[in-house]
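turn this into a structure:
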Amino acid sequence: MGVSVVTSGIKVEHGRPFLVNLNADPSLNELLVYYLKDHTLVGRPDAPTQQDIQLSGLGIQPEHAVVEMENNDVYITPLDGARTCVNGSVIHEKRRVRHGDRILWGNNHFFRLNCPRLANSPSSQEPEQKIDYDFAQQELMEKELVNDPIQEAIGAIEKQHEEDKQEALEKQRQMYERQMQMLRNQLMSPGTPSFPLQLFDASKLTPTGSQNSIQKKYQQWAQER
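Numbers count the residues shown, from 1 in each chain. Predicted coordinates for the structure are as follows:
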């Protein structure tokens, strides 16, 4: 059972790992402390076997998880696919947890693991941001967004679109390079006249009926000279 730090007047035992609840309500946040035994059961109050940490609500199975102590290390094992998250990521098998890790059971029960011995060790560093309910909730949302199948599908489509666009640009670049090379080859040919390339057909730009008129004007101009 959880011990209310406020109402019981019991102080947190030094050196013994414990879970503390995280709640959106500041008056309920970090109010309950669950000391860990070598073998701690997590589940509903109506479970066939009495649970050490009794939780209710959406997503909580009668026998939800087991928390074990092995050589001063803490491990969590979810039971029968019961939803258990560590630092925002769902776990499906036994997982070691460390001081400061965030744990979610079901849909709403957030906890933070506290290992006083590790917290006081030289290698332990205090997090830059306070680990509270808002931190754990935001962390969970970000992980779910990354792992969302719809978002994953959208990401795959965007990636494919970008690859197709780059491929089309590369084909266009190669086509331009081939055309430029063809122009260079024609310019470097020995028999090429001064203006070797007819980029457009002038006759197509001049109506057929007006060609004779142009020729007559040219002949008249030549005679006058």
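
which residue is the nearest non-sequential neighbour of Leu28?
Spatially, and ignoring its direct neighbours in sequence, Leu28 is nearest to Asn21 (7.5 Å; Cβ to Cβ, 6 or more residues apart in numbering). (Each C-beta comes from the backbone N, C-alpha and C, glycine too.)

which residues does the helix or strand hosting that neighbour contact?
Counting by DSSP states H and E, the element that carries Asn21 is strand 18-22. By Cβ atoms under 8 Å, 6 or more residues apart in numbering, the residues outside strand 18-22 that reach it are 2, 12, 28-36, 53, 67, 102-103, 109-114, 132-133, 136.

repeat that for 10 Å
Residues outside strand 18-22 that contact it (Cβ atoms under 10 Å, 6 or more residues apart in numbering): 2-3, 5, 12, 28-36, 40, 42, 53, 55, 67, 74, 97, 102-105, 109-116, 131-137.

give me the subset of these lying in helices.
Among the contacts of strand 18-22, DSSP state H puts Val5, Pro116, Tyr133, Asp134, Phe135, Ala136, Gln137 in helices.

tell me the contacts of the closest residue in space to Arg102 that isn't next to it in sequence?
Nearest residue to Arg102, sequence neighbours excluded (Cβ to Cβ, 6+ apart): Ala136, at 4.3 Å. Contact partners of Ala136, counting by Cβ under 10 Å, 6+ apart, are Leu22, Cys85, Asn87, Gly88, Asp101, Arg102, Ile103, Leu104, Phe110, Phe111, Arg112.

could you redo the last one with a cut-off of 6 Å?
Leu22, Arg102, Phe110 (Cβ atoms under 6 Å, 6 or more residues apart in numbering).

quick one: it and Arg95, what's the gap?
Remark: distance between Ala136 and Arg95 (Cβ to Cβ, to the nearest Å) = 16 Å.

one more: Arg184?
65 Å.

the two: which has the busier surroundings?
Arg95 (16 against 10; other Cβ atoms under 10 Å).

show me the contacts for the more buried one.
Contacts of Arg95 by Cβ under 6 Å, 6+ apart are Ile76, Val86.

tell me what it is bridged to.
Beta bridges link Arg95 to Ile76, judged by DSSP bridges.
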